[in-house]
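Q: Whatever this is, show me its structure:
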Amino acid sequence: MASRKERTEALSRDMKIYVSDAHIFTSDAIVLASFCAPRHKDKCCDLGTGNGIIPMLWIRDFQPKEIAGVELSESAVNLFNKTLEENNLTDRVNVVHCDLRRLKGILPNEYYDLVSINPPYKKVGTGIVNEGEDYKNARHEFNCTLEDAAKAASLLLKFGGRFCICQRPERLPDIFAAMRKFKIEPKSMREVIQRSGKEPSLVMVEGKKGSAPGFRISPPLILEKENGEYTEEAENLFYAYKFK
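A: Numbering: from 1, shown residues only. The predicted structure is shown next:
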């Protein structure tokens with residue numbers, strides 16, 4: 001029985017995920033998991049995986065060959081392991097309790113086809129810092145800067161492997177700089193917009209390790225119609241659990 005601070009949420013008719021007050025998931029993780037779109041043959045790694053929402057959505061929607069999830073927070077790792085046990089998936093995901101800045105020797109180098117991260121959005125020194133350790137690390141770059149994320153991805157990715165990340169639009173130049181510093185070439189981007197005519201609230205960027213330059217911008221993901229209802233694409237993303 002989950003405590004008052006822990007509970008389960010449905011991801012499909014027969015798939016649940018454990019969440020807590022400190023480790024929830026947001027629409028950002030859902031749209032990033034879809035943006036990654038791993039193939040059946042892919043070996044995938046999600047950095048800063050939290051309670052495992054992105055790997056769980058990959059299993060539900062894409063069934064990639066192999067999945068690893070890396071997470072620093074012990075409480076988040078415990079939640080993720082409970083989710084895997086609840087869903088009889090302990091043999092499908094390698095949950096690694098580790099600082100992503102210290103992965104050398106923990107996971108194989110140049111092995112993965114896809115690495116993803118939904119990183120902290122705020123630089124240290126900006127915004128209000130929550131006193132709770134898990135909250136603080138999830139929102140501010142105390143333990144994971146964009147350069148840390150790109151360096152870890154470059155270490156793990158095979159040549160031609162994909163690195164997918166979401167961030168606030170104002171951090172887009174930082175994403176490009178961090179990727180290129182570690183030999184990952186930005187290749188595509190998709191904006192997430194609350195309603196047509198508004199500025200984007202989120203950007204998702206894909207880079208490829210060792211790729212030649214060449215960049216495309218996909219049509220935006222618009223979340224709401226003018227009447228405030230979800231668009232068809234957003235509804236399919238956020239309420240897929242009702243149909244699977």
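Q: and residue 45, what does it touch?
A: Residues near residue 45 by CB atoms under 8 Å, 6 or more residues apart in numbering: 67-70, 107, 112, 114-116, 156. In short, each C-beta sits where N, CA and C put it, glycine included.
Q: mind running it again at 10 Å?
A: Residue 45 sits next to 55, 66-70, 94, 96, 100, 103, 107-108, 111-117, 152-153, 156-157, 161 when contact means CB atoms under 10 Å, 6 or more residues apart in numbering.
Q: Which of those fall in helices?
A: Cross-referencing these against helices under DSSP state H gives 55, 152-153, 156.
Q: so where's the protein uncertain?
A: Counting by pLDDT under 70, the chain has low-confidence residues at 1-4, 122-142, 241-244.
Q: Do a quick rundown of the helices in it.
A: Along the chain, counting by DSSP H, helices occupy 27-36, 53-61, 74-86, 133-139, 146-156, 172-181, 232-238.
Q: Identify whichever of these lies nearest to residue 18.
A: The closest of the helices of the chain to residue 18 is helix 74-86. By CB to CB, the value is 4.4 Å.
Q: helices and strands around that closest one, which ones?
A: Contacts defined by 3 or more CB pairs under 10 Å, 6 or more residues apart in numbering; DSSP states H and E place helix 74-86 against strand 6-12, strand 15-20, helix 53-61, strand 66-71, strand 93-97, helix 133-139.
Q: could you redo the last one with a cut-off of 7 Å?
A: Counting by 3 or more CB pairs under 7 Å, 6 or more residues apart in numbering; DSSP states H and E, the packing neighbours recorded for helix 74-86 are strand 15-20, strand 66-71, strand 93-97.
Q: buried residues in that helix?
A: Buried positions in helix 74-86, judged by neighbour count with 16 or more other CB atoms under 10 Å: 75-84.
Q: any chance of the helices and strands packed on helix 74-86 in a markdown table, plus distance to residue 30 and mean neighbour count?
A: Putting these into a markdown table (distance: least, CB to CB, whole Å; neighbours: other CB atoms under 10 Å) gives the following:
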| stretch | distance to residue 30 | mean neighbour count |
| --- | --- | --- |
| strand 15-20 | 12 | 20 |
| strand 66-71 | 16 | 24 |
| strand 93-97 | 18 | 18 |
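Q: Report the spatially nearest residue to residue 90, omitting neighbours in sequence.
A: Leaving aside its sequence neighbours, residue 90 sits nearest to residue 84 (CB to CB, 6 or more residues apart in numbering; 4.7 Å).
Q: now do residue 218
A: Using CB to CB, 6+ apart and skipping the chain neighbours, the partner closest in space to residue 218 is residue 190 (4.3 Å).
Q: nearest to residue 234, of the ones in helices among the contacts of residue 45?
A: Residue 234 has its nearest neighbour among the ones in helices among the contacts of residue 45 in residue 55, at 21.9 Å by CB to CB.
Q: Is that closest one in contact with residue 70, as I believe?
A: No. Taking contacts as CB atoms under 7 Å, residue 55 lies outside contact range of residue 70: 10.4 Å.
Q: and for the two, which residues touch both?
A: Shared contacts of residue 55 and residue 70, defined by CB atoms under 7 Å, 6 or more residues apart in numbering, comprise residue 49.
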